[in-house]
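> show me how the following folds:
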Amino acid sequence: MKLAMLPYNLILEADDRLRKRVRRTELIHSHHFSEKLGVPLYFKCENLQRTGSFKIRGALNFMTAQPRENLANGVITASAGNHAQGVAFSADLLGVKATVYMPESTPPQKVFATRDYGAELSLPA
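I've put the predicted structure just below:
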């Protein structure tokens with residue numbers, strides 16, 4: 001299996017697009033687990049993002065990398081949780097319509113949060 005390398009310039013471009021829009025989550029050293037495991041261990045607390053996960057980074061990076069006309073008709077996704085919230089929040093931030101398809105098993109708090117971020121939801125009847 002051959003691994004594809006991500007060009008460093010794409011990482012820098014994503015950082016530039018996201019820098020002022022998402023929280024910079026610092027690395028937090030865990031003394032307890034570092035001692036238990038015998039190696040330095042750090043936590044990257046993406047749960048501190050406004051949407052509660054790192055999924056906002058991918059959604060927002062994708063949308064901000066698109067020419068504005070590509071987003072004119074809005075965005076659409078299918079998700080039962082964090083990705084849905086990331087897409088909904090990002091779309092709202094950019095003034096873009098978002099439609100999210102969610103399965104009937106979606107936890108109510110995920111449904112409410114996604115709707116609160118401004119997405120139009122499609123749930124099974």
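> show me what the longest helix anywhere in the chain is in contact with.
Determined from DSSP state H, the single longest helix within the chain is helix 82-94. Helix 82-94 is contacted from outside by 21, 50-53, 55-60, 63-64, 71, 74-75, 77, 79, 96-98, 100, 102, 110, 113-115, 117-119, using CB atoms under 8 Å, 6 or more residues apart in numbering. No exception for glycine: its C-beta is placed from N, CA and C like everyone else's.
> residue boundaries of the helices in the chain?
Going by DSSP H, the chain shows helices at 8-18, 31-37, 55-65, 82-94, 108-116.
> most tightly packed of these?
Greatest average neighbour count among the helices of the chain goes to helix 82-94 (a mean of 24), per mean count of other CB atoms under 10 Å.
> give the rounded mean pLDDT of that one.
Mean per-residue pLDDT for helix 82-94: 97.
> tell me how many other residues crowd G74.
12 (other CB atoms under 10 Å).
> that one and V100 touch, don't they?
No. Here G74 does not reach V100: they are 10.7 Å apart, not a contact under CB atoms under 8 Å.
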